[in-house]
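S.K.: What follows is a predicted structure for the sequence shown.
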Amino acid sequence: MFRRLTKTFSRPKLCYLIKNNNLGGSFSNYRSIVPLSTTNLALKDEKVTVTFVLNDGKSLETQAKIGDTLLDVVVNNDLNIEGYGACEGTLTCSTCHVILKQEDYDRLPEEPSDEERDMLDLAYGLTDTSRLGCQITLTKDLDGLVIQVPETINDARS
């Protein structure tokens, strides 16, 4: 049962709380809150189109909820991107490194934080328009976003 809950609840802190039963009540009560989003905005039903372009040229186009991060999009849509998001969005690796077109990069509502920049310094194939997908939260203005996935990943934790 823990394995199923851990897969459904992908964030480490929540997994810890569930495993240690620190949320109160029985585990059967948590079925009613699945699926879990990592952001408040994702409770909306509005969606945008996001396209991931893999190194081999293959494109993965999907619909994503406004308020989800790019990491959420990969996980929630079960996209097959090798090694993507190994640290589950805790800013301790650079496996969700993505490269954006300049015009898409300019549309992002927030600049990268110092912690994100530190992890990006360790990413393979860093560019001026590189970001970590776990730190990009989708907005309506990002509809049609095209993301280039680098040739390989560099897991900063190893």
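M.R.: Now that the structure is in, tell me what you want to look at.

S.K.: Show the low-confidence segments of the chain, by residue range.
M.R.: Low-confidence segments of the chain (pLDDT under 70): 1-44, 152-158.

S.K.: Straight-line length of stretch 115-125, end to end?
M.R.: 18 Å (C-alpha to C-alpha, to the nearest Å).

S.K.: again, but for stretch 55-68
M.R.: End-to-end distance (C-alpha to C-alpha), stretch 55-68: 24 Å.

S.K.: do stretch 131-151 as well
M.R.: 15 Å.

S.K.: List the buried residues for that stretch?
M.R.: Within stretch 131-151, the residues that count as buried by 16 or more other C-beta atoms under 10 Å are 131-139, 142, 145-150. All C-beta spots, glycine's among them, are computed from the backbone N, C-alpha and C.

S.K.: now A86: how far from V74?
M.R.: 11 Å (C-beta to C-beta, to the nearest Å).

S.K.: residues contacting E61?
M.R.: If you count contacts by C-beta atoms under 8 Å, 6 or more residues apart in numbering, E61 has them with T49, V50, T51, F52.

S.K.: From those residues, list just the buried residues.
M.R.: Judged by 16+ other C-beta under 10 Å, buried ones among those: V50, F52.

S.K.: ok, the contacts of E61 vs K101, which is closest?
M.R.: T51 (11.1 Å; C-beta to C-beta).

S.K.: Which residue is the nearest non-sequential neighbour of V48?
M.R.: Distance criterion C-beta to C-beta, 6 or more residues apart in numbering; nearest residue to V48, sequence neighbours excluded, is D143 at 4.0 Å.

S.K.: Check the gap between that neighbour and R107 for me.
M.R.: With C-beta to C-beta as the criterion, D143 and R107 are 10 Å apart.

S.K.: same check, this time on G57
M.R.: Taking C-beta to C-beta, one finds G57 at 24 Å from R107.
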